[in-house]
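Provided below for reference: sequence and predicted model.
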Amino acid sequence: MNRKQFFSTSALVLAGSLVLAGCSSADPLATESDAAQDGGTTVVVGSQAYYSNEIVAEIYAQALEGAGMEVERQFSIGQRDAYMPQLEDGSIDVFPEYTGNLLQFYKEDTEARSSEEVYDELKKSLPESLAVLEAAEASDQDSYTVTKKFAEANNLTSIEDLAGISEPLTVGGPPELAERPYGPKGLESTYGVKAEFSATGDTTVEDLVAGTVNIANVFTADPRIQTEDLVVLEDPKSLFLASNVVPLVAADQSEELAEVLDPVSEKLTAQVLVNLNVQSTVDKKSAADIASAWLASEGL
Amino acid sequence: MNLISDALSWIFAAEQWQGDGGLAALLGQHLLFTVLAVLIAGVIAIPAGWAIGHTGKGREIAVGIAGIARAVPSFGLLILLVLLLGVLHKPEAALLTFVVLAIPSLLAGAYTGFEAIDRKTIDAARAVGMTEWQILFKVEIPLGLALLVGGIRSAVLQVVATVTVAAYVNLGGLGLPIITGLNLRRFDMVLGGALMVAALALVLDLAFAMAQKAAVPRGLGARTKKKFHYTDDQITLEREMS
Amino acid sequence: MNWILENLGLIGSLSLEHLRQSVIAIVLGFAASIPLGWVAWKYKLLRGPVVSLTGLLYTIPSLALLMILPVLTGMSAISEANLILALAIYAVAIMVRSVVDGLNSVDPATRSAATAMGYGTARRFFAVDLPLAGPVVLAGLRVTAVSTISLATVGILVGVTNLGYLFTNGLQRRIIEEVLAGIIAVAAIALLVDLLLLLAGRWLMPWTTASTLKRRTPAPKSTEQAAS
């Protein structure tokens, strides 16, 4: 009797889990191929695993929904290397991107630096299946940032000024900064500034404020630049590329998407982006609430 | 295969081993975290486990604590502690995370070691006039040693594999090339780092396997051998079950 | 605490995702471990290599495995299938040894008795060996389940959304409650699944419950362990 029980239940559990497995395998596969085919009916909006990017993605998604389109969200997909293949094969249709960083993804040794140069070159460098719509004024680009105290003590306004400092310098940033062209190596070759590197990752700003590093690689739309009294150093020799927020979309749908998203980008100024970020980090609001409030206030 | 040969040539490149971020330094950090965490956890968990094993009291509480500690995701705990303690205390946050990770195995290793001893042996020791302390140090600890070493072994392996996440909060270790390579799509770095961690774990595991054999008192081998084959975790749970 | 109350919906849907991903991985790992464990138990020559090779899988750091698997399988790194496969591999790493140990714990006399009663190899395995190995296998399965559920959170680092999202998102936004909510939810799911497995074990293998009762009644210091 016990054995019968053992059996029937094992069979049940196994059958149940197979059903579960069956359901789920349809799910991840859908993101790879199926969605590509029905792209005309449902627009898949993706986002990076970065809260600010998620807010912009949510804005795009809600704007598209407002225009009567079916939207599916694929948020929080890590870094560029992880999600670009999905965009290229058509399983994601819309993604908030940053012109400079995206250009460097396709053309690592690019010479373009200003917003316009970067945007133009980006258009030429994208694969055929992808297109960028109008870029917003808002930018969220890499920077070298110091505390106000450190800037005043050493008379700093630009990265160049760092070369004259005698105390040892340490740059904090994400681990991969060590290998990037604008990382410590670029700092030395472009500006002659010698600095150690510390992979402070997601706590870079805290580390800067706490003093474990004295220079930090911070995104310029980070609200803490204002709240923590930080100074973004000028970059006269253009180590960093301008990097404006831009919708990266599937080329075959770019026309209808542009109708909805271009007006959004037009309103997305630098200060707006910082404000949106503040609502997320300080007011702890969800991306969806922030997006709908902003869209409503702009009449979009 | 290409991937593996790339990773190996990355590991064996001489310049990879030098400097602050070199493999030698990362390996050192990784080992240091592992050893410190297991030591601290041992100071807490081993006496506690012995006390439980000797008195037979508090077992349910220990099983409960160990169960909860096991269910806590290390990655989340590390982030929580960094946020709570602040960036100046990242090493402490990481150490605490790994200590929490190591405690269940050590605790289980200590008390199951005592519980596995034939009660007649303890009764005999008491009958010949040994004090409780003598029973503890001359009978229970030596006889329970093999299972305790087993517990230390699995704690070390878990910690070695998990110290990898320390790199996520800037504490170095062999996770650094993995996390760096992840964002750069440099598979030689990712796989190279992974191979280093696996090799370190393998070496430590072999060392502990030998220590575990050596920890079985002579003359006791044959009868208890079968038991020592289980890992401590399985023994604990099996005992809860059966 | 406000954050948690305002985001119960998010926590709930992430928990369901998390549970689904973990359960599939646990079941797949379990299903693969039974034949592997059986082969290792049956053929003594293979036992050492199979047990230590599968055990070795456990030492591969999870982040690295999540990035390397797609290269080998051609799957997308950010697909849920990739995370589930990686978790199933870790499950196999823990489970195979329990299956071998479980089969070892079956009294050979019982097996001979079954053979004498005319049980064929397959029937004997499913009707005698496997149920009797049950308690040890279940113990391994419970460890596997808890560790899989906890490990699944690293999926977020390659872009598979589950409760791990609350960790990275909470760190970026400095919302301590968010990270705490993630930890509590993961631990609660792990303990719940563990409890369900325990109850399932008692129900499927009532003979173990009887002996538990018998043993638990006297003080723990009695002769309970001698028999095992």
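Received it, and whenever you're ready, just let me know what you need. Predicted model only: the values in this text are computed from it and were never measured.

for chain A, name the helix or strand with the lowest mean pLDDT.
helix A:35-37 (a mean of 40; mean pLDDT, DSSP states H and E).

pull the longest helix from chain B.
When chain B is parsed with DSSP state H, its longest helix is helix B:23-55.

tell me which other helices or strands that one touches.
helix B:59-71, helix B:90-115, helix B:141-162, helix B:175-184, helix B:187-214 (3 or more CB pairs under 8 Å, 6 or more residues apart in numbering or on different chains; DSSP states H and E). For every residue, glycine as well, the C-beta is placed using N, CA and C.

tell me the gap between the first one and the middle of its chain.
Relative to its parent chain, helix B:59-71 has a centroid offset of 16 Å by CA atoms, centre = their mean, to the nearest Å.

buried residues in it?
Counting neighbours by 16 or more other CB atoms under 10 Å in any protein chain shown, one finds that the buried residues in helix B:59-71 are B:59, B:62, B:63, B:65, B:66, B:67, B:69, B:70, B:71.

with the second one instead?
By neighbour count on 16+ other CB under 10 Å, the buried set for helix B:90-115 is B:90-91, B:93-115.

what's near enough to touch the nearest residue to residue A:286 once chain neighbours are set aside?
Nearest residue to residue A:286 in three dimensions, chain neighbours excluded: residue C:7, at 6.7 Å (CB to CB, 6 or more residues apart in numbering or on different chains). By CB atoms under 8 Å, 6 or more residues apart in numbering or on different chains, the contact set of residue C:7 is A:286, C:178, C:181.

now do residue C:87
Residue C:87 touches C:21, C:22, C:25, C:26, C:29, C:148, C:151, C:152, counting by CB under 8 Å, 6+ apart.

can you tell me the helix or strand for the fourth one?
To tie it back to what came earlier, the one meant is residue C:26. helix C:8-42 (DSSP states H and E).

so which elements touch that helix?
Partner elements for helix C:8-42 (3+ CB pairs under 8 Å, 6+ apart): helix A:2-29, helix C:44-57, helix C:80-104, helix C:130-151, helix C:164-173, helix C:176-204.

pLDDT weak spots in the chain?
This is for chain A. A:1-40 (pLDDT under 70).

oops, wrong one, chain C.
In chain C (pLDDT under 70), the answer is C:1, C:208-228.

equivalent analysis for chain B, please.
For chain B (pLDDT under 70), the answer is B:1, B:20, B:218-242.

do that again at 80, thanks
Residues of chain B meeting the criterion pLDDT under 80: B:1-4, B:14-21, B:182-185, B:215-242.

centroid residue for it?
residue B:155 (1.5 Å; CA atoms, centre = their mean).

in this structure that residue contacts residue B:38, no?
Yes: with contacts defined as CB atoms under 8 Å, residue B:155 counts as touching residue B:38 at a distance of 5.5 Å.

list residues touching both of the two?
Joint contacts of residue B:155 and residue B:38 (CB under 8 Å, 6+ apart) are B:102, B:106.

which of the helices and strands packed on helix C:8-42 sits closest to residue A:177?
helix C:164-173 (16.8 Å; CB to CB).

does chain B have contacts with the closest one?
Yes: judged by CB under 8 Å from any CB of the partner chain, helix C:164-173 and chain B are in contact via C:164, C:166, C:167, C:168, C:170, C:171.

that older thread, and which of the contacts of residue C:7 is nearest residue C:93?
Of all the contacts of residue C:7, the one sitting nearest residue C:93 is residue C:181; the distance, using CB to CB, is 29.6 Å.

contacts only, for the closest one.
Residue C:181 touches C:3, C:4, C:7, C:11, C:166, counting by CB under 8 Å, 6+ apart.

try 6 Å
When contacts are counted by CB atoms under 6 Å, 6 or more residues apart in numbering or on different chains, residue C:181 touches C:4, C:11, C:166.

so which helix or strand takes in the residue of the stretch 1-150 of chain A found nearest chain B?
For the stretch 1-150 of chain A, the residue closest to chain B is residue A:81, as judged by CB to the nearest CB, at 4.4 Å. Residue A:81 is part of helix A:80-88, with elements assigned from DSSP H and E.

tell me the helix or strand right after that helix.
strand A:94-98.

report the distance from that next one to the chain centre.
Distance, centroid of strand A:94-98 to centroid of chain: 8 Å (CA atoms, centre = their mean).

that one near chain C anywhere?
No: judged by CB under 6 Å from any CB of the partner chain, strand A:94-98 stays clear of chain C, getting no closer than 12.5 Å.

go ahead and list the helix or strand containing the most centrally placed residue in chain A.
The C-alpha lying nearest the average C-alpha coordinate of chain A belongs to residue A:53 (CA atoms, centre = their mean; 4.8 Å). Residue A:53 is part of helix A:51-66, with elements assigned from DSSP H and E.

show me where the stretch 101-250 of chain A has helices.
A:115-125, A:148-154, A:184-191, A:204-210, A:224-227 (DSSP state H, counting those that start in this stretch).

export whichever helix or strand comes after the least confident helix or strand of chain A as PDB, just CAs?
Using DSSP H and E, the helix or strand that directly follows helix A:35-37 along the chain is strand A:42-46. This file holds the C-alpha atoms of strand A:42-46, laid out as PDB (Å, rounded to 0.1, in the frame of the first residue of the first chain):
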ATOM      1  CA  THR A  42       3.300  43.600 -29.500                       C
ATOM      2  CA  VAL A  43       6.200  46.000 -28.900                       C
ATOM      3  CA  VAL A  44       8.800  44.600 -26.500                       C
ATOM      4  CA  VAL A  45      10.500  47.300 -24.400                       C
ATOM      5  CA  GLY A  46      13.700  46.300 -22.600                       C
END
